[in-house]
Structures are given as C-alpha cells and as structure tokens.
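[1] Give me the fold of what follows.
(chains A, B and C)
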Amino acid sequence: MRVHDIILGPAVVLAGVGLCVWATALPQPQGFAYGPNLFPTLTGSGLALAGLSILFAGIKKRRMGPLFERPDWSKRWRLAINFWLIPVAIIAYVLLVEPLGFLITATLLLFALMTANRVHPRRSAVVALIIALAINLLFASILHVPLPWGPLTAVSGWLIW
Amino acid sequence: MFYSVLSQLTDGYLLLVILLSAAYGLIIGAIPGLTALMASALLVPFVIFMQPIPAVAAIITASAMAIFAGDIPGALLRMPGTPASAAYTNEANGMVHRGKGAVALGAGLIASSLGGLISALVLSLAAPSLAKIALIFSSVEYFWLGVLGLSCATFVSGGSLAKGLVSLFLGLSLATVGMDPVSGIPRFSLGSPDLLGGFGLIPVLIGLFAVSELLRNAANPPRAEALPSISGPILVPSLINLWRHRLGTLRGGSIGTLVGALPGAGSDIAAWISYAVARRGSRKGRREDDIGASERIMSASAANNASLGGAYIPATVFGIPGDAITAIVISVMFIKGINPGPTLFLNQPEVIYTIFGIFFIANLALIPLGILCIRGFGYILRLPRAYVSAVVLMFCILGAFSVENTLFSVGLIALFGLLGYVMESNEIPLAPAILGLILGPMIEETFMTTMLKSQGDLSIFFDREIGAVLGIVTIAVWAGVVLLQIWPKRKLKSKPTE
Amino acid sequence: MKTTMLMIAMMAGSAWVSSAQAQDAWPTRPVQMVVIAGAGGGSDYVFRLLSRELEKNTGQAFSVVNQAQGGGVVGMTTYTNAEPDGYTLGQMSPFAQYRVLGQADFTSESFTPIALVNMDPAAVHVAADSNLESLQDIVDALKADPTSLTISCGGTCNASWDIPFVSLMLDEGVDVTQLNLVPAKGAAAGLQELTSGGMDVVLSSLPETDSLREAGLVENVAVFAEQRLDRYPDVPTVEEAVGEPVTGGTWRGVAGPAGMSPALVEAIEAQVKAAFDAEAFQQGMRDRGFGPVWMNAEELGDFMAEHEQQTERVLGELRQ
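    As a prediction, this is how the structure comes out:
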C-alpha cells in the first residue's frame, strides 16, 4: 500500500495535531509548569512538522506516480490470503490460547499457515504437531514460560520439569 | 591470586556451563523473534540455585552470545534479533543479497568478539577508577546524551530526512503511552490496564521488523527471491577485514565500552552512536559500497558487544545496572552472595577477576561457536519458506509473550507488523522508530526530573561542566544535521564521493 | 491422531472436574505466582525463594510470572481478574496509591489476603560529603524552607519510600505541598543522582545502599522502623533521631483474587507458612538483607486497610 507524499504528508500532520489536541485533555498537576502533556505535545508537533515537510516535497513532485497504489498482492487472492493470514493468526492465538491451550492452538495455526503456503495438508498436519510439541516441550516444560495448557491444565504438573 | 583465578577458570564444570549457556544464547539469539533479554530472563530460574561463579558465568555468556547472534536473523531475514542490531540490519541484509553473506556475518562476528575483548580488558584494568566517572553523570548529562542519541536517527534513515523524522517522532510518541514517569498520571490509556503498561520495546521491535517482513514475504509470489547461501570461508576473510577496518573496530569497541559504562545507556544506544560516528566520522564509513558497509557493521557490532563489558563497570563497582540485561546479572550476583561494591575488589578480588575472566573466555569462544551458528542457521533459514515463515511467526508470538507475559503484547505484534509494512511501503524507515522508543522515556524522565530539581529553571542544563560541554556538542550536532539538509547539493558537488 | 487429541482433552476435562471438587487438597496442579516486578529484581527474588519451598513441599510446579508493566497495575489486574480457585496467586504490595492517582481502582476488597512474608522499612540517605548530617538537620532545613532540598523518592513518588517521609514531615508541621520530591528509575538511579551532586536526600531501603555505603559515598541517617535493624545497628530509627514514632516502607505478601473460600485460604496460608519457616527461605532473605516478617491472612487484611488509610491521608495532603 503506497500513497503519494501529497496524501501521506497531511495524514502525518493530522496524526501529530491529533496527538497535541489529545494531550491538552491530560490532567495538569498543580504548581508546576511542565505536566504530563509536555512530551506528547512536543512529539506531536514534531510529527506535524515532519508531515508538513513531506507535503511540500509532495507538492513539488505531484506529477510523479499515482496518488494511491494498490499493492500487487491484493489483486491475487492467494497472495492476499497469505498476507492477511498472518495478522489473523496472531489475533486467533490471542483469542484461542487460553481456552485451547498452547499445544492445540499452535498446531492449528502452524497447520493453517503451512497449508496456505501449499504444503500438502497431511504433511503440514504432522509437521505442525511435531513443531508445536517441540516448542511446548522446550518453552513450557523446560524453560518454564507460563504458556497456557488448556485442557491439559489438570495434568500439567507432570508436564513441567 | 593469578593462579587461583586461573584454576577457577579452568574448572571443568564451569567450562561446561559456559559451553552450554553459549549454545543456548546463540540459539535463542539467532531465532528471529527471540531476544537477548529473553535469553537472560529465562535463565534466572535456573541459575538462581546454582553455585555463584557458574551462575554468573551462565548469564554473562548467554547474553554476550545472544547479542551477537541477533545479527544472524538480521542479516539473513532482515529481522534483527535484538534492538542492538536494528541499527545495521538493512546494511547486513543488503550484503547478504549481494552474495556477501559470509563476509558480512564474519565481519560482525569478529568485531563483536574484539569489541567484547576490548571492554573486558578495560574492565579488568580500570573498573574501579572508571566507575567513578560514571557516577558524575546526573540527569542533566543523561538528558543531553539522549538528545544526542536521537540525532543518530538521521544517519540511519538514509533516504528522506523528513520520513526519517516521521519514524523517529512516531517512536517518541508511542513511548508516551502509559504512565507518565513523573506524576504517574495515565496517558492515552483509555482506562485499559494494558495500555497503562505502555508499548513494550520488544513487542514493537518484533512487530515492526519481524512480522512486517513476514508480511512482505507473504505478499511476494514464492520463488521470487531465493535467500542467497552463506557460502565461502568465514574466518580468513574476517581476519583480513579486521585488519582493514582495525580503526573502525577499535573505535566501536571504545565507544561501546564508554557508553555501556554509563548506567542508563545500554548496548542498543552504543550500537547506534557507533554506527552514526562510523557513517559520518570516517572516510571508509562514508562509502556506499561493501567496504563502507563492512566498516559500519564492524563499528556497530564491536560497540554492542563492548557495551556489555562496559556495563559491568558500574555494575560490579557500585551495583548500578546499565541496562535490563545487566540488571539481571547484578541481581543474580546479589542472590549468590557476590555483593557488587568496592569492597568486592578488596575482599574477594579472585571472584571479581574470575568473572572478568569469564568475559574473556566467552568472547573468545564466540568466534568458533559463532561460525558454527552462522553455518547452521544459514542452512536452517534456507529450508522451504512455507515452513520457515510459519515457525518464525510462532517464535515471534512466543518471543513477545515471554518477555512481557501478557497476551496484549502478542496482539501488539500484529498491529505493529501491519504498521511496519505500511511504513516500509512508503519508504519510512523503521529503525528510527525503535530508537525513539528506546530514548523517549530516558529523555522525558531526565528532562522532567531536572526541571523538578531546578524548579523550572532551564539554565540548569548548562550549569554543570560536563552537562554544558555535552549540551554544546549536542546542539552543534543537531545544527550540523539541519545545515546539511539545507545545503546538501552544494556539499555533494564540492565533495564527490570517494 | 485427532482421536488421540480428543481423548487427551476428555481425560483432562474429567480430571479438572475432580480437582475442582477436592479444593481443600490444594494444590493438585501447577500454580501461577504473578510478580509485579521484572525478572531479577527484589520482588522476583523473594517470590522465587518462596516458590522453590512451595514446590518442594507440595510437589507441584509454582511458576513465577513477571508482569511489571504500569508500575504493577498490569500484574495486579491479571491476578485479581483470575478465577478465585487458588491456582493464580500474586504479589500483594502497596496498592492504595493506584486508586488515588487514578491509575486503577483496587481497594482492599479487590483481593483475598493470604499472608505477608516480608517487610522492609524506608530509610533516609545523604551523600557522605553533605552538610546534612542527621535527620534533624533535614527536618530543620525543610521547616525553614520546604523547597530548599531536592529529595529523591528512590523510585516512583507517592510510593513506599516517600509516603512515610511525607507523613513524618506532616507531623513535624512542614508544608508538604512545597516539598521538592523527584521520582527516580529505582533506588540505584536515585543514589547515583546523590553521588553526582544532583540530589540532597534519597529515600529507599537500607540494603539498596550497601555498595555505595561501603564505598564511603553515602550515609544512612535514619530508618523508618520501630527498632534498629540487626544488619544495620548504627542506623538510628526515626523516633531516636527526631522523636516521632513514624514507620513505613515496602512489604510483600501473597494474595489472590477476591472471593476465595475461607477453607482454600486456610490451606494456602498453611503451605505459605511452611515455606516461610523453611531455613532456606529465611537464609535467602537474610543473604540479601530483606526482613522476613510473618502475618497471617487476617492480620494482612487489617494491615491492608491501615495502608489504605495512611496512603489516602498523605496523598490527600500532597495533592491539595
């Protein structure tokens, strides 16, 4: 997703100004000149200024390139799926890992990611399970990262070394 | 004492611990998404109940190895393993794609090792006297150091200065989310405890660099670009490179030791400053070819490993940690009854010099083990992309979770992955945002505490001698950056690239 | 393969039901301990020591989960929102300031207190070359001009170290709203400001100054405790120094989410007590200069209510 500087500039300016406005709503501790709004206001102003300078550069070369360029992948459904599968997989992990536990969630996600990348489903199911088991073993059982066990919670005492 | 130190160091059990933790540090560091900080933090429960010397050795070795190993995914996949390698990730990845992977990684390896050795030497010879210098720094000096550090963003951004600044200010703005460091007033938290905790550096790093890179790969048709192999010898060309870039490496090692010795400035800041100095301050470092890239990579790699040693100066002498990793090392020392402090040097010199000795061994062992690691991961990361991408994503999730222990931080990597993808597509560099996120809290906190101390009188920033000098240097550097931007063309004409 | 997984899930499910019934036999599966500080810090250390003893005694894994974000708000939110089944416990430390400062809305009702294991009094430190030589000097200076000294809170302000100090100054009749209290990124950073001449007074616990005191750079002038500490016999208490019996500092205990059953609390308290009494725990605490102090669930509950009152009084005065 590529946009022309003539659009990018104002977008950044807007973000910067928005930050400054939001910062004015912060409570001010009494008796002191510099409150929690000082730094957000400074960084917001910085954003706005940098955005302005992009806008000016954009105006100078306004005839170069389209205003908005759709990325190639969005025109090919397989690539688009590959792309969106990544954020979707992360969100799915966040939602599923507590109820299902790490082992099942990781297996499902690895399976989905590999199958989408044209690995044969049977093969990717086996590989996904092996990798999920290995990660679970290494990180939860040996390194004691508190990964959720899901349905295995009751017996997880035997699985943490 | 020399013999007792030597006999402690040649203990078989200790050497085994060093070897195992070296392998552990290298593997964790080399896996994209898993960081040096995570490697150290996960070791705590293991070493907490070990003998004192092996316990400290394990963490020192693992962290030194992981800091170097962070370069490997940085170079091969453009996913820096630690914030410290973010400064030169693009540079190293570019060399890999030009078929110079062995040269780039070898250069980084040998410079890391040498940087570590330089700092170990300084540490052993002058720790107590150097630590006194670190204690002179007050919030005024740290403020100027932070602002000076920000200028590094303009050196790494490469392309348009405005876009580099957008990234920098974005990072600085992100750093303000959460609890205000002075009054504790929640900022932009929308009443959510997760946002009150702020955006952690590691999830943002993983999102911006690793996840966005996965997105880029996913969006490109397969077979479009095969990862070039890491072939060819590593050791000999690295040694030749070391000779060619001896000054850059030495300079990086010294900058790293110095910056590392300042509590509050860690390996990441050291690498950035050294990178910026190499880029502007040396004839070789200004070149846009592989020699220039090697010079910058070596300077920065030397600095980030050297800063680890440097950080042990205030840590062992006064128990003041330089960064999160050193903080873990110090608490392990405390827990094991090696209480850092000047009396440690008087009462138990053999303990402290054994610890320094471990640092030497770890940095020497880095060369052979690092070569093995580069080779091994060179093969692993060239397995079919369908498998590698899926597993890397799993590690990104795991890396964010195990540093922060919240699912919120896992969600963040999706958000920042998309943001990083959009930024890259619009030629907004990613590295300055990380720099902003590292330095933002330091600058804000030091500014506000300084103002609290002086009750709002700004002249305090020039009242102290060191502070005034640092302030003038900082202002001069920033003025230079702006001037270079205003007259860049004339400067290029009068001084063609060498 | 899918059937195997299903079987595992079913087995696990039935095991879960039976464990929920046998609640008094705590623990029958691993327990999470949420620590509201980072790996390697003092709180982390205390809880790892405790967890090791609990693991030894119960045969179940106790995993320490570090959630330091938001000054501890994130960690406390995590465990107060967990199921009150005794398998998610957390660190109980000063919490009342979060509500007064608008950071979170914990009250003593948000928790189920289980036991207190550690208490460390606040102390007052000055640089060795300072003109201030005793707590009385500091009180006199602040009485004459409350803005004359810069005081580092040795961490965030409105917290464990400065609240007893401000409380003392209130008793002494100092105008506390004028005090120049400066936050620091931990005691080490505050002490560094002290040695670099950027600060006049630092507040923190005593063990945190060990190495700088040994170096002859820092002097401890008073400790906010009822009696002198065994480890620091030459540091006077506040009462000895200025005659006001003010005490305070930080403390660490074990708590759970609100709504745990009394029988469960009793079972957990008994296990924590056994761990607390273990020689390894006591020795580990002594090694780092932490004060092992025991309070049972009831005493801790009263203590938490008292803590809420003191915090509200002091912060109310400061923020007038």
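[2] what bits of chain A have low per-residue confidence?
    In the predicted model, chain A carries pLDDT under 70 at residues A:30-33.
[3] show me where it has helices.
    A:5-24, A:38-60, A:77-100, A:102-116, A:121-135, A:156-159 (DSSP state H).
[4] Go ahead and confirm residue B:215 touches residue A:83.
    Yes. Using CB atoms under 8 Å, residue B:215 is in contact with residue A:83, at 5.9 Å. Heads up, the C-betas are built off the backbone N, CA and C, glycines and all.
[5] the more surrounded of the two?
    Between residue B:215 and residue A:83, counting by other CB atoms under 10 Å in any protein chain shown, residue B:215 is the more crowded of the two (25 against 22).
[6] Tell me how far that one lies from chain A.
    According to CB to the nearest CB, to the nearest Å, residue B:215 and chain A sit 6 Å apart.
[7] Got the phi and psi for that residue?
    Taking degrees, to the nearest 10, you get phi -60, psi -40 for the backbone angles of residue B:215.
[8] Check it and give its pLDDT.
    At residue B:215, the model reports a pLDDT of 91.
[9] Kindly report the same for residue C:114.
    95.
[10] didn't it look like it was pressed against residue C:272?
    Yes. The pair residue C:114 / residue C:272 is scored as a contact, 6.3 Å apart, by CB under 8 Å.
[11] Now list whatever residues contact both of the two.
    The contact sets of residue C:114 and residue C:272 overlap at residue C:254 (CB atoms under 8 Å, 6 or more residues apart in numbering or on different chains).
[12] that's a strand at residue C:33, yeah?
    Yes. Per DSSP: H, G, I helix; E, B strand; the rest coil, residue C:33 lies within a strand segment.
[13] if I pick it, what's in contact with it?
    Contacts of residue C:33 (CB under 8 Å, 6+ apart): C:47, C:50, C:51, C:62, C:63, C:64, C:65, C:89, C:90, C:91, C:254.
[14] tell me which element the fifth one falls in.
    If you go by DSSP states H and E, residue C:63 is part of strand C:62-66.
[15] List the contacts of residue A:27.
    Residues in contact with residue A:27, defined by CB under 8 Å, 6+ apart, are A:35, A:36, B:185, C:102.
[16] Could you give the backbone dihedrals for it?
    Note on residue A:27: its backbone torsions stand at phi -60, psi 150 [degrees, to the nearest 10].
[17] and the stretch 151-300 of chain C, which of its residues are near chain A?
    Contact residues (CB under 8 Å from any CB of the partner chain) of the stretch 151-300 of chain C with chain A: residue C:177.
[18] Residue in the stretch 151-300 of chain C with the shortest distance to chain A?
    Residue nearest to chain A within the stretch 151-300 of chain C: residue C:177 (7.3 Å; CB to the nearest CB).
[19] Surely that residue and residue C:317 touch.
    Yes. Between residue C:177 and residue C:317 there is a contact at 7.3 Å, judged by CB under 8 Å.
[20] any idea how far chain C is from the closest residue to residue B:234 other than its chain neighbours?
    Distances taken as CB to CB, 6 or more residues apart in numbering or on different chains place residue B:106 nearest to residue B:234, at 4.1 Å, with adjacent residues excluded. Counting by CB to the nearest CB, the gap from residue B:106 to chain C is 33 Å.
[21] List the contacts of residue B:106.
    Contacts of residue B:106 (CB under 8 Å, 6+ apart): B:234, B:235, B:237, B:238, B:241, B:371, B:374.
[22] And the pLDDT at it?
    Note on residue B:106: pLDDT of 88.
[23] so after the helix or strand hosting it, what's the next helix or strand?
    Element membership for residue B:106 (DSSP H and E) is helix B:101-136. As assigned by DSSP H and E, the chain's next helix or strand after helix B:101-136 is helix B:139-156.
[24] middle-most residue in chain C, spatially?
    Geometric centre of chain C, nearest residue: residue C:251, 3.4 Å, by CA atoms, centre = their mean.
[25] Mind checking if the helix or strand harbouring residue B:164 is in reach of chain A?
    Using DSSP H and E, residue B:164 falls within helix B:161-175. Yes. Under the criterion of CB under 8 Å from any CB, chain A is reached by helix B:161-175 at B:162, B:163, B:165, B:166, B:168, B:169, B:170, B:172, B:173.
[26] tell me what that helix is packed against?
    Secondary-structure packing of helix B:161-175 (3 or more CB pairs under 8 Å, 6 or more residues apart in numbering or on different chains; DSSP states H and E): helix A:5-24, helix A:38-60, helix B:139-156, helix B:431-454.
[27] tell me the mean pLDDT for that helix?
    In the prediction, helix B:161-175 has an average pLDDT of 91.
[28] can you give me the helices in the stretch 201-350 of chain B?
    For the stretch 201-350 of chain B, the helices defined by DSSP state H, counting those that start in this stretch cover B:201-205, B:212-219, B:235-244, B:246-261, B:267-281, B:290-318, B:324-335, B:342-347, B:349-380.
[29] and residue C:125, that one's in a strand?
    Yes. Counting by three-state DSSP, residue C:125 is part of a strand.
[30] shouldn't it be in contact with residue C:205?
    No. With contact defined as CB under 8 Å, residue C:125 does not count as touching residue C:205 (10.0 Å).
[31] So between those two, which is more surrounded?
    residue C:125 (28 against 23).
[32] Show me the chain divided up by domain.
    The chain I'm using is chain A. A:2-69, A:73-159 (automatic domain parsing).
[33] that's the other chain; I wanted chain C
    Looking at automatic domain parsing, the domains of chain C come to C:31-119+C:249-318, C:123-242.
[34] now the ones you listed as CSV including distance to residue B:130?
    Below are those laid out as CSV (distance: least, CB to CB, whole Å):
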stretch, distance to residue B:130
domain C:31-119+C:249-318, 24
domain C:123-242, 14
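[35] low-scoring stretches of chain C, by residue?
    Along chain C, segments meeting pLDDT under 70 span C:1-24, C:40, C:319-320.
[36] what's the answer for chain B, then?
    B:1, B:134, B:155-159, B:221-229, B:264, B:322, B:342, B:485-498.
[37] most centrally placed residue in it?
    Relative to the centre of chain B - CA atoms, centre = their mean - the closest residue is residue B:84, sitting 1.9 Å away.
[38] How about the contacts made by it?
    By CB under 8 Å, 6+ apart, the residues touching residue B:84 are B:36, B:67, B:70, B:266, B:267, B:268, B:270, B:271, B:304, B:307.
[39] Using just helix, strand and coil, how would you label it?
    The three-state assignment at residue B:84 reads helix, by three-state DSSP.
[40] Please report how far it lies from residue A:102.
    29 Å (CB to CB, to the nearest Å).
[41] same thing with residue C:174?
    Counting by CB to CB - residue C:174 and residue A:102 are separated by 55 Å.
[42] quick one on the thing from earlier: following the chain onward from the helix holding residue B:164, which element is next?
    Counting by DSSP H and E, the next helix or strand C-terminal to helix B:161-175 is strand B:178-179.
[43] Quick check: neighbours of that following strand in the sheet, parallel or antiparallel?
    Paired neighbours of strand B:178-179 in the sheet (DSSP bridges): strand B:186-187 (antiparallel).
[44] Need the residues that contact the partner strand.
    Counting by CB under 8 Å, 6+ apart, A:23, A:26, A:36, A:40, B:176, B:177, B:178, B:179, B:180, B:196, C:102, C:103 sit against strand B:186-187.
[45] so residue B:332 makes contact with residue B:59?
    Yes. Residue B:332 lies in contact with residue B:59 (CB under 8 Å); the separation is 5.7 Å.
[46] what's around residue 95, how many residues?
    With no chain named, the answer covers chain A. 12.
[47] Chain B was what I was after
    Residue B:95: 24 surrounding residues under other CB under 10 Å.
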